[in-house]
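> For reference, the sequence and a predicted model appear below.
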Amino acid sequence: MSTAFGSEPRPPAQVQPPASPDAAHLLTVVVCVVTVGALYLARDVLIPITLAVLLSFVLAPVVALLRRLSLPRVAAVLMAVMLALGTITLIGSVIGVQIASLARDAPRYQRVIQEKVDNVQGTFLGRINDLSRRFNNEAATAPEAPSTASPPSSGNAPALPGASTGANSETRPVPVEVRPAESSALDLARTFISPVLGPLETTFIVLIVSIFVLLQQEDLRDRLIRLFGSNDLHRTTEALDDAGRRLSKYFLAQLMVNSCFGVLVAVGLFLIGVPSPIVWGILAALFRFVPYIGAVLAAAFPLLLAAGTEPGWSMVVWTAALFLISEPLIGQVVEPMVYGHSTGLSPVSVIVAAIFWTWLWGPIGLILATPLTLCLVVLGRHVERLEFLDVLLGDRPALTPVQNFYQRVLAGDTDETLAQAETLLQDRSLTAYYDEVALRGLRLAATDLERGVLRPERLERIRMAVSGLVNDLSDVPDQNPPEKDQKAAGAAPAGTSVSEKAVPHLPVPDVPLPPRTERVGSWASDNPVLCLAGRGPLDESASAMLAQLLTKHGLGARVVPHEASSREQVGRLDTAGVAMVCISYLDISGNPAHLRYLLRRLKQRLPGIPMLVGLWPEGEAVLSDATQAKAVGADYYTASLRDAVTRCLMVAASGAQDPAKGAVVMQQEPASEEGPV
């Protein structure tokens, strides 16, 4: 059965029940559990391989530099690995010598620290104990005087059982001497060589794997492409190249920054007089790979040693001042200059990752926590199936600005919505914010309304929140974004996910308007533009945004609800001083018949007045179908507030009240302001 307009009625919207976990989700959970178990059980094998891969990222720029010096790949790789081996050997030797020197003086450091602890206890704790004892003595009753009777003589004391009373029968202890068994040469070798074999074995595996990774870099890349992205070679190749380049630069920059921090700590401790400053500088550089708590861990040992070096406290104070000054200097000045303000990880994920990797792999996992987590985040940003890693671990907002806007207005929180708007308006105009965020958020609300999941009280809360937001932004000028943002047009807005397309922040073109007293006809009135809301419950909010933007650009506008254009009310519609009508629609549901009849009533009420229809949802057929657009009967069609404001300004500047041609469609691109439908 068809309707009078030739289209079948649509079935009522139904809400789909929440989907239960399917086999794919359960399989994902099983794979995660198995992966964590494998990482824990195979840590003896995976730790050297992971260190080798990360070392290859660090050495890749060195190999590239040697290759640019016309060295063959094999020679460049071997030279880079030998350089890394020499550095590791030198560091290990220095640490061994310094630790041996500290071990000889350990008893002296322990004695000095114990004396300071006793002094602190005697100074502070002793006073607290005296004060507590004084209160206890005052509260307690006076004890009885102790007896002054002399103790019984030894002659009257009863003899202990088994004790001898003879003069020459005194029992003497038997001396016992424990002598360790003589160690054989094999035991000595096992005692001194076994602790060294583990690190040597790990170092050997790391170097060998690093050599093969650097030699077969292109082959490994091709194999990864074949496994994970052979269907989209361009995207996969770009993702792998970008990830490898970013990780390599980050690791190398972090190594350089942490090395500078270690050198600064070592020099400072040397000037202060703390023993073995080179060891603490090396440990400070290593511990600084652990964000937030690495500097604290690096400062603990030098502070303890400074406390045991001299009886006073001056060395401890200078050591603490060294770390309190050097860490903020490196973290807040040097790091932003080298590789930006952030590692790309959220603060919570850094702490959780440090705990997780320490539980899996021990101290090595603590040092590797940030690089490994960063690898997972980069992988999540380039692989769509692993996007949840970027959401869970990355520092980018979990919700896009559009989703955040809709969530805030859905909760009726106008203050947070305004705070988000003020943040986004720092790099875009008010028109761009309305087009890119607000209208898209209202479109999400319209979709939920069509599905039947938006209750009336929620809908009213959204309308009130959006109305409050528009009122709060009434004093914000519609300024063009800065030049840097115009040059970067097409870049994704802050917080966009990998699947969201970028929207250029295009400003409203400058259209000179004559003074209001010099305008033609009704354009000289206070409110020449009539912003009429569509029949949707949220269309009035879109009309309010359009009216506000027109007012900011010198065209007065007033908002009229949809009920004023009904068949019963259109005759009483106030049309005084109206030079143009703008109709806003968030959803026409693919059936523009009601829009055609609305335009027919308005043209009968306002003959000769140009009509503009703003269809804010993307992809409406009337925007691309010339026949359908002509049948609807509007003079202009726009798909964004920017184009609607531009068209109104152009019509007002020309003073036209009757378009020279038929209906015109405004395109999104600035190069084509209009085109025939």
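Looks like it arrived, so ask away. Numbers count the residues shown, from 1 in each chain.
> can you give me the strands in the stretch 401-550 of the chain?
Counting by DSSP state E, counting those that start in this stretch, the segments of the stretch 401-550 of the chain that form strands are 529-533.
> err, the chain, not the other one
529-533, 557-560, 580-585, 611-615, 636-638, 664-665, 675-676 (DSSP state E).
> what about the ones you listed, which gets the closest to residue 76?
strand 675-676 (57.3 Å; C-beta to C-beta). Heads up, the C-betas are built off the backbone N, CA and C, glycines and all.
> what about that closest one, average pLDDT?
When pLDDT is averaged over strand 675-676, the result is 36.
> Could you verify my assumption that residue 81 touches residue 211?
Yes - with contacts counted by C-beta atoms under 8 Å, residue 81 reaches residue 211, the gap being 5.5 Å.
> ok, now which ones touch residue 317?
Listed by C-beta atoms under 8 Å, 6 or more residues apart in numbering, residue 317 has no contact partners.
> could you measure it against residue 323, distance?
11 Å (C-beta to C-beta, to the nearest Å).
> next one: residue 264
Relative to residue 323, and taking C-beta to C-beta, residue 264 is found at 10 Å.
> quick one, phi/psi of the residue positioned nearest the centre of the chain?
The centroid of the chain falls nearest to residue 395 when counting by C-alpha atoms, centre = their mean (0.8 Å). In terms of degrees, to the nearest 10, the main-chain angles of residue 395 are phi -100, psi 0.
> Please list all residues in contact with the nearest residue to residue 319 once chain neighbours are set aside.
Counting by C-beta to C-beta, 6 or more residues apart in numbering, the nearest residue to residue 319 once its immediate chain neighbours are dropped is residue 306, at 4.5 Å. By C-beta under 8 Å, 6+ apart, the contact list for residue 306 reads 272, 274, 315-316, 318-319.
> do that again at 6 Å, thanks
Residue 306 makes contact with 274, 315-316, 319 under the criterion C-beta atoms under 6 Å, 6 or more residues apart in numbering.
> For the residues you listed, which two are the farthest from each other?
Pairwise over these, using C-beta to C-beta, the maximum falls at 274 and 316, 9.6 Å.
> ok, the two, which is more surrounded?
residue 274 (24 against 21; other C-beta atoms under 10 Å).
> so who does the more buried one touch?
Contacts of residue 274 (C-beta under 6 Å, 6+ apart): 302, 305-306.
> and if you look at residue 80?
Per C-beta under 6 Å, 6+ apart, neighbours of residue 80: 59, 62-63.
> who wins for neighbours among those?
Going by other C-beta under 10 Å, residue 59 tops the contacts of residue 80 with 25 neighbours.
> Roughly how far does that residue sit from residue 521?
75 Å.
> and if you look at residue 446?
36 Å.
> now residue 61
Residue 61 is 69 Å from residue 521, by C-beta to C-beta.
> Does residue 297 touch residue 287 like I think?
Yes - using C-beta atoms under 6 Å, residue 297 makes contact with residue 287 at a distance of 4.8 Å.
> Kindly tell me how buried residue 100 is, as a neighbour count.
10.
> For it, report the pLDDT, please.
80.
> Residue 336 now?
pLDDT at residue 336 comes out at 70.
> domain assignment for the chain?
38-120+199-218, 233-393, 399-507, 516-677 (automatic domain parsing).
> want to throw those into JSON lines with distance to residue 29?
Output for the domains of the chain, formatted as JSON lines (distance: least, C-beta to C-beta, whole Å):
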{"stretch": "domain 38-120+199-218", "distance to residue 29": "15"}
{"stretch": "domain 233-393", "distance to residue 29": "12"}
{"stretch": "domain 399-507", "distance to residue 29": "23"}
{"stretch": "domain 516-677", "distance to residue 29": "36"}
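> now the longest helix anywhere in the chain, how far from the centre of its chain.
Criterion DSSP state H: the longest helix present in the chain is helix 233-272. Relative to its chain's centre, helix 233-272 lies at 19 Å (C-alpha atoms, centre = their mean, to the nearest Å).
> Over to stretch 471-484?
So, by C-alpha atoms, centre = their mean, the centroid of stretch 471-484 is 26 Å from its chain's centroid.
> mean confidence for that stretch?
77.
> just for the stretch 251-400 of the chain, where's the confidence low?
291-292, 338-344 (pLDDT under 70).
> which residues of it fall in helices?
Taking DSSP state H, counting those that start in this stretch to define them, one finds helices in the stretch 251-400 of the chain at 277-287, 294-309, 314-329, 335-339, 347-361, 363-382, 387-393.
> follow-up on the earlier one: can you lay out the strands of the chain as CSV showing distance to residue 460?
Below are the strands of the chain laid out as CSV (distance: least, C-beta to C-beta, whole Å):
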stretch, distance to residue 460
strand 529-533, 15
strand 557-560, 17
strand 580-585, 19
strand 611-615, 23
strand 636-638, 28
strand 664-665, 34
strand 675-676, 39
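> The ones you listed: which one's closest to residue 53?
strand 611-615 (52.0 Å).
> List the pairing partners of the closest one within its sheet, with orientation.
Strand pairing for strand 611-615, using DSSP bridges, gives strand 580-585 (parallel), strand 636-638 (parallel).
> and the longest one with strand 529-533, angle?
Relative orientation of strand 580-585 with respect to strand 529-533: 20 degrees, computed using axes from the mean of the first three to the mean of the last three C-alpha atoms, to 10 degrees.
> What lies in contact with strand 580-585?
With C-beta under 6 Å, 6+ apart as the criterion, strand 580-585 contacts 529-534, 539, 542-543, 546, 609-615.
> The same query, at a cut-off of 8 Å, please.
Residues contacting strand 580-585 (C-beta under 8 Å, 6+ apart): 528-534, 536, 539-540, 542-543, 546, 557, 595, 598-599, 602, 606, 609-617, 634, 644, 648, 651-652, 657.
> What residues sit buried inside it?
Across strand 580-585, burial judged by 16 or more other C-beta atoms under 10 Å covers 580-585.
> re the thing from before, separation between the residue nearest to residue 319 and residue 286?
In terms of C-beta to C-beta, residue 306 sits 20 Å off from residue 286.
> ditto for residue 106
Counting by C-beta to C-beta - residue 106 and residue 286 are separated by 22 Å.
> neighbour count winner among the two?
Using other C-beta under 10 Å as the criterion, residue 106 and residue 286 rank with residue 286 on top: 18 against 11.
> which residues does that one contact?
258, 262, 367.
> so who does the first one touch?
Applying C-beta under 8 Å, 6+ apart, one finds that residue 258 lies in contact with 285-286, 288-289.
> who's in contact with residue 469?
409, 414, 417-418, 421, 438.
> Next, please give the residue ranges for the helices of the stretch 451-600 of the chain.
456-472, 483-487, 539-552, 593-605.
> by how many degrees do the longest one and helix 539-552 diverge?
Translated: helix 456-472. Using the same axes, to 10 degrees: helix 456-472 against helix 539-552 is 0 degrees.
> For helix 456-472, buried residues please.
458-459, 461-463, 465-466, 468-470.
> ok, so of these, who is nearest residue 334?
Among the buried residues of helix 456-472, and counting by C-beta to C-beta, the member closest to residue 334 is residue 469, at 40.8 Å.
> roughly how far apart are the closest one and residue 553?
For residue 469, the distance to residue 553 - C-beta to C-beta - is 19 Å.
> Kindly report the same for residue 297.
Residue 297 is 58 Å from residue 553, by C-beta to C-beta.
> what do you get for residue 315?
Distance, residue 315 to residue 553, using C-beta to C-beta: 68 Å.
> again, but for residue 545
Taken as C-beta to C-beta, the span from residue 545 to residue 553 is 13 Å.
> pLDDT at the closest residue to residue 551 other than its chain neighbours, what is it?
Distances taken as C-beta to C-beta, 6+ apart put residue 557 closest to residue 551, at 5.8 Å, once the chain neighbours are dropped. Looking at residue 557, its pLDDT is 92.
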